[in-house]
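*Asks:* From the sequence below, what's the structure:
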Amino acid sequence: MLGCSILEVSLLLFLPSMVALQSCPSGGTPGLPGIPGSPGYDGRNGQKGEKGDPGKPKHTSTERTSVHPGPAVGQKGQKGDPGIRGKPGKIGRPGMPGPVGAPGLAGQPGDPGESAAARSALVSAFSARRSTDNKPDRGTPVRFSTVITNINNHYNVESGKFVCHISGTYYFTYHASSSTKDLCVHLLLDGQNLAAFCDHFVNNNIQQVSSGGLAVYVKKGQQVWLETDVSNGMYASGGKGDSVFSGFLFYAHACPIRLCVSATVAVSVLLCVVAPSDAEPCSDSRGYPGIPGIPGSHGSPGKDGVKGEKGDPGESGYWLRGLKGDVGPAGPPGRPGIQGDPGIQGLPGREGAKGEKGSPTTGTVSFFSRKNPPRSTAFQPVRFEHTYVPLPLEQTGEALEDGVFTCKKTGVYFFTYHVTSQQYICLNIVKKKRGQEEGESVLSLCDSSTGYLVTSGSVVLELDEGDEVFLQPTANNKVAGKTSAESTFTGFQIF
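*Replies:* Here you go, the predicted model:
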């Protein structure tokens, strides 16, 4: 072993001399010996020390005995955290409704009603009488020259025509006396024949009364009148046998229209900008390593290390507490809540709607309708005292005292009668002003027949409070009133 080492050293010392002899020209001086090699490597580690004695275990008789040997069991770990809260239970039933809130504020008052002046502008009514033995010309308007009532002068006495100033629906009626000749009366609107009524003369019928009427829409500026044809026996004589033409507005038409237009526009914009990023390269440099020397041979292995100390005794056999338990599962949904408490009192109601526009009239409209008078007396009011069916007092209209209607409200009224008689009868409609002793006959109509007959008449009158109106027969006063042949007297306020 020692001889091999000496030989290796000799070769290492001799090798540079050989190299120098080959690279140098012949006859040069030999080079110096090479640098000694590095020290050898460290020796190997010593042997591992002996294992320490085991620790002394600690146990109970219930968990580890000589009969059931084995490792000790640690204590139970801590209780895990509560699980996630379950979903809320269903909402309980609503509580009882709270008390009703206070009433809302009263709405704003309605617009005032029309003034008397504005109201009078929407009134149109007339009655005109004809008392002459001159028969009217056929095919021309019949002139009723004596005015009984002419509100706002819409009836033209000179032409015999009613001229419409307020577009609306009107009611027109006439009662015409005739004698010894047939009578046919036509009701015309701007020359267009709306209706025709005829009454034919029969022997022994001294005087007759025919009547007709209708409701029609009339535009402003249109005209309405009566005409006769070849049968033009309209006649009056000796204060008997008047003819009357009446009409009144009962509905004024108006058609306001309002249009309303609205529009909305919505626009939205979203912008998004993304900028790129750059990275810069880096570089480095290093120097040249030096020329390493020739390493020496490894030294002899070092001595074995000192034996390790004896290990510490093992841990005592005390139980180890287990890890904390996992989170529990989510709980079940809660039970439905209990019924809620009664609600609080509601808020006051909203303000009421604005009231309607005031009416141009106040109170109720005056009216009456009576039937079946007892036997009448000449030149005395006919006593119509019976109502049609049993009704409350406010539904039967005004009461007639001894057959006399007393006006309780100033206005324009329409009166009409239908009377059953035998052979011959003349009836007057009498108007008596308040405070006067005697009344004035505003219309007188006579009718005759060989048997029973039904005669009728009507008129429009303007009355003041306290004025009286009644139906009065002349010496020919055979008014009949029975179940199969009744007589009626009716009146009502139109303005």
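
*Asks:* Let me know the pLDDT of the residue most central in space within the chain.
*Replies:* The residue lying closest to the centre of the chain (Cα atoms, centre = their mean) is residue 353, at 13.7 Å. At residue 353, the model reports a pLDDT of 81.

*Asks:* Correct me if wrong: it contacts residue 105.
*Replies:* No. Residue 353 is beyond contact range of residue 105, at 11.4 Å (criterion: Cβ atoms under 8 Å). (Glycine included, C-beta is placed from N, CA and C.)

*Asks:* A helix includes the residue nearest to the centre of the chain, no?
*Replies:* No. With DSSP: H, G, I helix; E, B strand; the rest coil as the criterion, residue 353 is coil rather than part of a helix.

*Asks:* what residues are up against it?
*Replies:* Residues in contact with residue 353 (Cβ atoms under 8 Å, 6 or more residues apart in numbering) are residue 107.

*Asks:* For stretch 29-37, list the C-alpha coordinates in CSV.
*Replies:* Provided in CSV are the C-alpha atoms of stretch 29-37 (Å, rounded to 0.1, in the frame of the first residue of the first chain):
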residue,chain,number,x,y,z
THR,A,29,16.1,24.4,-18.3
PRO,A,30,13.4,22.1,-16.6
GLY,A,31,10.3,23.8,-15.1
LEU,A,32,9.4,24.0,-11.3
PRO,A,33,7.3,21.3,-9.6
GLY,A,34,3.4,21.7,-9.7
ILE,A,35,1.3,23.1,-6.9
PRO,A,36,0.3,20.6,-4.2
GLY,A,37,-3.2,19.2,-4.5
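
*Asks:* buried set for that stretch?
*Replies:* Judged by neighbour count (16 or more other Cβ atoms under 10 Å), stretch 29-37 contains no buried residues.

*Asks:* Please apply the same query to stretch 419-436.
*Replies:* 419-421, 423-432.

*Asks:* Residue 128 versus residue 153, what's the distance?
*Replies:* For residue 153, the distance to residue 128 (Cβ to Cβ, to the nearest Å) stands at 12 Å.

*Asks:* ok, those two, which is more surrounded?
*Replies:* residue 128 (26 against 12; other Cβ atoms under 10 Å).

*Asks:* partners of the more buried one in the sheet?
*Replies:* Residue 128 forms beta bridges with residue 147, residue 245, as assigned by DSSP bridges.

*Asks:* Could you do residue 224 as well?
*Replies:* Judged by DSSP bridges, the bridge partners of residue 224 are residue 162, residue 189.

*Asks:* does it really touch residue 187, like I thought?
*Replies:* Yes. With contact defined as Cβ under 8 Å, residue 224 counts as touching residue 187 (7.3 Å).

*Asks:* and for these two, which residues touch both?
*Replies:* In contact with both residue 224 and residue 187: residue 172, using Cβ under 8 Å, 6+ apart.

*Asks:* which one's the longest strand in the chain?
*Replies:* Criterion DSSP state E: the longest strand present in the chain is strand 440-463.

*Asks:* Buried by neighbour count: which residues of it qualify?
*Replies:* Buried residues in strand 440-463, counting neighbours by 16+ other Cβ under 10 Å, are found at 442-449, 453-463.

*Asks:* what lines up beside the following helix or strand past it in the sheet?
*Replies:* The helix or strand immediately downstream of strand 440-463 is strand 468-480, counting by DSSP states H and E. Under the criterion DSSP bridges, strand 468-480 sits next to strand 405-406 (antiparallel), strand 411-432 (antiparallel) in its sheet.

*Asks:* among those, which is nearest residue 176?
*Replies:* Nearest to residue 176 among these is strand 411-432 (14.7 Å), distances taken as Cβ to Cβ.

*Asks:* quick one: average pLDDT of that closest one?
*Replies:* For strand 411-432, the mean pLDDT works out to 90.

*Asks:* ditto for stretch 37-51
*Replies:* Average pLDDT, stretch 37-51: 71.

*Asks:* can you pull out the helices in this structure?
*Replies:* 2-23, 116-120, 393-396 (DSSP state H).

*Asks:* Check the ones you listed for me: which has the lowest mean pLDDT.
*Replies:* Minimum mean pLDDT among the helices of the chain: helix 2-23, a mean of 45.

*Asks:* Quick check: bridge partners of residue 216?
*Replies:* Bridge pairing for residue 216 (DSSP bridges) gives the partners residue 170.

*Asks:* ok, how many other residues are close to the residue lying closest to residue 236 once chain neighbours are set aside?
*Replies:* In this structure, residue 236 finds its nearest non-sequential neighbour in residue 131, 4.8 Å apart by Cβ to Cβ, 6 or more residues apart in numbering. By other Cβ under 10 Å, the residues close to residue 131 number 19.

*Asks:* going forward can the numbers begin at 15, since that is how I track them
*Replies:* That works, and once the first residue is 15, the last one we named lands at residue 145.

*Asks:* Tell me who's in contact with residue 145.
*Replies:* Neighbour list for residue 145: 160, 250, 253, 255-257 [criterion: Cβ under 8 Å, 6+ apart].

*Asks:* do the same with residue 454
*Replies:* Neighbour list for residue 454: 444-447 [criterion: Cβ under 8 Å, 6+ apart].

*Asks:* So for stretch 141-161, first residue to last residue, what's the gap.
*Replies:* The straight-line separation of the ends of stretch 141-161 (Cα to Cα, to the nearest Å) is 6 Å.

*Asks:* quick one: low-confidence ranges for the stretch 365-509 of the chain?
*Replies:* Counting by pLDDT under 70, the ranges of the stretch 365-509 of the chain that qualify are 372-379, 402-410, 494-499.

*Asks:* If we use 80, what do you get?
*Replies:* For the stretch 365-509 of the chain, the stretches with pLDDT under 80 are 365-366, 368-380, 385-390, 399-411, 436-437, 463-466, 490-500.

*Asks:* Kindly present the strands paired with strand 482-494 as CSV, with separate columns for distance to residue 491.
*Replies:* Below are those laid out as CSV (distance: least, Cβ to Cβ, whole Å):
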stretch, distance to residue 491
strand 419-420, 20
strand 425-446, 7
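
*Asks:* Give me the distance between the closest residue to residue 359 other than its chain neighbours and residue 107.
*Replies:* Closest residue to residue 359 apart from its sequence neighbours, by Cβ to Cβ, 6+ apart: residue 113 at 4.5 Å. Distance, residue 113 to residue 107, using Cβ to Cβ: 19 Å.

*Asks:* Residue 325 too?
*Replies:* With distances taken as Cβ to Cβ, residue 325 is found 74 Å from residue 107.
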